[in-house]
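Participant: turn this into a model:
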Amino acid sequence: MKRLIFLILIVSGCSPSDQTDDDSTQKDLNEIMLELRVLHTNAGDAIKKSDFENASWLVEELDNTLNKAIKKFDSHRKLSGPFESFYTELLQEPIKKVRLSIEEQNAEEAIVNFRDLTSGCNACHKKHDIKKRAKFD
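Facilitator: This is a model prediction of the structure:
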């Protein structure tokens, strides 16, 4: 499963660990969001299947990717402030709760917490008038 996800990220032009600091910040933000969408979808699927090993790995990669955005986007034309402020306000606590429920292998709590994380993603999208929404059914 990890190899398949890594392959998808490579094919899509994203890598879980390499983003360069250049001036094309809009393209880079779009690439990071694409990477997040792939990771979010796959983490949600793993949680629904109670595949805690893959869910743990995917949530870590999701958080690592969010942290790349924090480092890279102190400002951006689509953001009303630093990415870090939105991460701290909307995503940090839900990610901690998702991690904990995965560690405890509590599928019901992991689903609830992942829904909260998804809501946090969508709150940020709504705040910035981004039409695309994160989904977790």
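Participant: what helices or strands is the stretch of helix or strand residue 125 belongs to leaning on?
Facilitator: Using DSSP states H and E, residue 125 sits in helix 107-127. Helix 107-127 is packed against helix 25-48, helix 92-103, with contacts defined by 3 or more C-beta pairs under 8 Å, 6 or more residues apart in numbering; DSSP states H and E. Every residue, glycine included, has its C-beta placed from N, CA and C.
Participant: make it 10 Å
Facilitator: Helices and strands touching helix 107-127, by 3 or more C-beta pairs under 10 Å, 6 or more residues apart in numbering; DSSP states H and E, are helix 25-48, helix 52-72, helix 83-86, helix 92-103.
Participant: of those helices, which is nearest residue 136?
Facilitator: With C-beta to C-beta as the criterion, residue 136 lies closest to helix 25-48 of the helices and strands packed on helix 107-127, at 4.6 Å.
Participant: who does the closest one touch, helix- and strand-wise?
Facilitator: With contacts taken as 3+ C-beta pairs under 10 Å, 6+ apart, helix 25-48 sits against helix 2-11, helix 52-72, helix 92-103, helix 107-127.
Participant: coming back round to it: what comes up buried for the helix holding residue 125?
Facilitator: Neighbour counts over helix 107-127 (16 or more other C-beta atoms under 10 Å) mark 107, 109-111, 113-118, 120-122, 124 as buried.
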